[in-house]
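**Q** Have a look; sequence and predicted model below, questions after that.
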Amino acid sequence: MAAVRQKRVRQWGQAACAAGALALGALGVGPWVADAQPTAPGEAAAPPVLPAGTQSLEVRRGLIVRSSPQTAADIRGRVRGGTRLPAGRAMRTTDGCGYWASVGVDAWVCGTDVQPSSRPPDGEPFPILRGRGWLPHSYLIVPDGGVDAYASPEAALARTPTERLPGGWMRRVSAVPGGELYRISEGLFVHRNEVRRLHGSPFQGEELASPDRLATLAFVARDRVRTLHANRRQQRTLARLTALQITGEPEPGVLQLADGQRVAASDVVRPPRSPRPSAVGATERWIDVDVGTQTMVVYEGDRPVYATLVSTGRRERDHATPLGEFRIWIKVGTTTMDDIGNANESEDYSVEAVPWVQYFDGSVGFHAAYWHRRFGNRMSHGCVNLSPKDARWLYGFTTPVVPDGWVAVHPSANERGTFVRVRDTSGG
């Protein structure tokens, strides 16, 4: 769906993340004492920074993690309250924090933001799936023309609106007992029969059991594709997005399937294999997006490991997804995307709680699209739309890694963002 056209990410802003390894003496945070600070003969040893038996640091409320032990350091990430972070090296400081503690690679927290704990580290993935669904929330879309929203159930039943929500807006939603109303995240209420629920697509690409599988993989690209067979009774209909096993090409424009059926080559999409870019290491993970075929192939070095269909930016109105080579610069569990107040009011949109977001070129990135099922077609305002299952898989595969309990993370000097290449094999 949408890139954030005004180049903003609501929770974050576009902070730089080139956090280098700094010598402690050059940090400018005042005197410090590590847990194992040596003492002069006869001098009493300094007490440890953290109490004996400390295993974790409990986050009292949501906090920002820094890339080095100083308040002005680059942002490394953000953590939810209630998370217990692993307690690493700690140092005393005179900057108001009392001490800084390491909680991961290039990751430091201020002592006033955490509480030492003897319990082991613990945190929930964010966003988290509960039950058997493929989305972390329930969602609705406001129909064209808009819908009235109400401050309370009583106001909704009396039809006394507080405001009118514009058409096309998408919101997290929860059901209200009684069955007539939904409650949206702003605390407002809408009538259930005036909005439409969004359930997302169950589609998922394929983890490739072997590198050779990519050469035989195809996805049905059209609605209700019929196989080719002289006897119509033996024909069958293939649902769009179905993954196929191609075993040969018996004649030009015709593909043989593993079950003996045949299909027109024009009715399927085959994700192309690509050589590793020179900027990518021999075993490094990287992503190849082809806007020409609307496919994505994920690699480890030269080995393809995952392939799927995507939806990139539409060509009209300058929504095309930018081509080039990039690296993921931030991963965000969920964010709201909007373009309100642009020059063309008819294109205003507001999409709430978009999950598994990974920006690689300003506000252009990968994310789940819960509002459509047309993967394999250009659908977005510039971003690379993925099905919810694909977006979640990719979010867990790329770097920087998002530890449990973290809601967002930036790359660092010692954990670079995954390399992304966007290209167009169609030449268009």
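**A** Sure, I can see it. Treat the numbers as computed from the prediction; the structure is a model and nothing was measured.

**Q** contacts and neighbour counts: CA atoms only from here.
**A** Noted.

**Q** which helices and strands does the one helix or strand Arg172 maps to pack with?
**A** Per DSSP states H and E: Arg172 is located in strand 170-175. Counting by 3 or more Cα pairs under 8 Å, 6 or more residues apart in numbering; DSSP states H and E, the packing neighbours recorded for strand 170-175 are strand 139-141, strand 181-184, strand 350-361.

**Q** what are the C-alpha coordinates of the helix or strand just after the longest one, in CSV please?
**A** To tie it back to what came earlier, the one meant is strand 350-361. Later in the chain than strand 350-361, the nearest helix or strand by DSSP H and E is strand 364-368. Taking Å, rounded to 0.1, in the frame of the first residue of the first chain, the C-alpha atoms of strand 364-368 are listed here in CSV:
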residue,chain,number,x,y,z
VAL,A,364,9.4,3.4,0.9
GLY,A,365,9.6,-0.1,2.3
PHE,A,366,8.1,-3.6,2.7
HIS,A,367,5.0,-4.1,4.8
ALA,A,368,1.9,-6.3,5.1
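
**Q** circling back to that earlier point, which of the residues in the strand holding Arg172 are classified as buried?
**A** Within strand 170-175, the residues that count as buried by 16 or more other Cα atoms under 10 Å are Met170, Arg171, Arg172, Val173, Ser174.

**Q** Likewise for stretch 414-428?
**A** Quick answer for stretch 414-428 (16+ other Cα under 10 Å): Arg416, Gly417, Thr418, Phe419, Val420, Arg421, Val422, Arg423.

**Q** any idea which of the residues you listed is closest to Arg233?
**A** Distance to Arg233, by Cα to Cα, is smallest for Arg423 among the buried residues of stretch 414-428, at 41.7 Å.

**Q** Point out the one among the helices and strands packed on strand 170-175 that comes closest to His191.
**A** Nearest of the helices and strands packed on strand 170-175 to His191, taken as Cα to Cα: strand 181-184 at 4.6 Å.

**Q** list the helices and strands that closest one packs on?
**A** Partner elements for strand 181-184 (3+ Cα pairs under 8 Å, 6+ apart): strand 170-175, strand 189-191.

**Q** Give me the number of neighbouring residues for Ala72.
**A** Counted by other Cα atoms under 10 Å, the residues lying close to Ala72 total 9.

**Q** just the one 4 residues further on next, same as before
**A** Taking other Cα under 10 Å as the criterion, the count of residues near Arg76 is 26.

**Q** Run through who's touching the strand or helix carrying it.
**A** In this assignment (DSSP H and E), Arg76 forms part of strand 75-79. Contacts with strand 75-79, where a contact means Cα atoms under 8 Å, 6 or more residues apart in numbering, come from 15-17, 59, 62-67, 106-107, 405-412.

**Q** What of stretch 252-264?
**A** Residues contacting stretch 252-264 (Cα under 8 Å, 6+ apart): 226-229, 235, 244-250, 265-266.

**Q** Single out whichever of those has the smallest pLDDT.
**A** Taken together, those show their lowest pLDDT at His229, with 78.

**Q** which one is that one nearest to, not counting chain neighbours?
**A** Nearest residue to His229, sequence neighbours excluded (Cα to Cα, 6 or more residues apart in numbering): Gln235, at 5.8 Å.

**Q** Okay, now the unreliable bits of the stretch 1-150 of the chain?
**A** Along the stretch 1-150 of the chain, segments meeting pLDDT under 70 span 1-46.

**Q** and with 80 instead?
**A** 1-47 (pLDDT under 80).

**Q** in it, which spans are strands?
**A** Applying DSSP state E, counting those that start in this stretch to the stretch 1-150 of the chain gives strands spanning 56-59, 63-66, 75-79, 84-86, 90-92, 99-104, 107-110, 114-117, 139-141, 147-149.

**Q** returning to what we had before: output the strand holding Arg76 in CSV with nothing but the alpha carbons.
**A** Presented in CSV, the C-alpha positions along strand 75-79 are these (Å, rounded to 0.1, in the frame of the first residue of the first chain):
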residue,chain,number,x,y,z
ILE,A,75,18.6,5.7,18.4
ARG,A,76,19.1,1.9,18.3
GLY,A,77,15.5,1.0,19.0
ARG,A,78,12.4,1.3,21.1
VAL,A,79,11.2,-1.2,23.7
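
**Q** List the buried residues in it.
**A** So for strand 75-79, counting by 16+ other Cα under 10 Å, buried means Ile75, Arg76, Gly77, Arg78, Val79.
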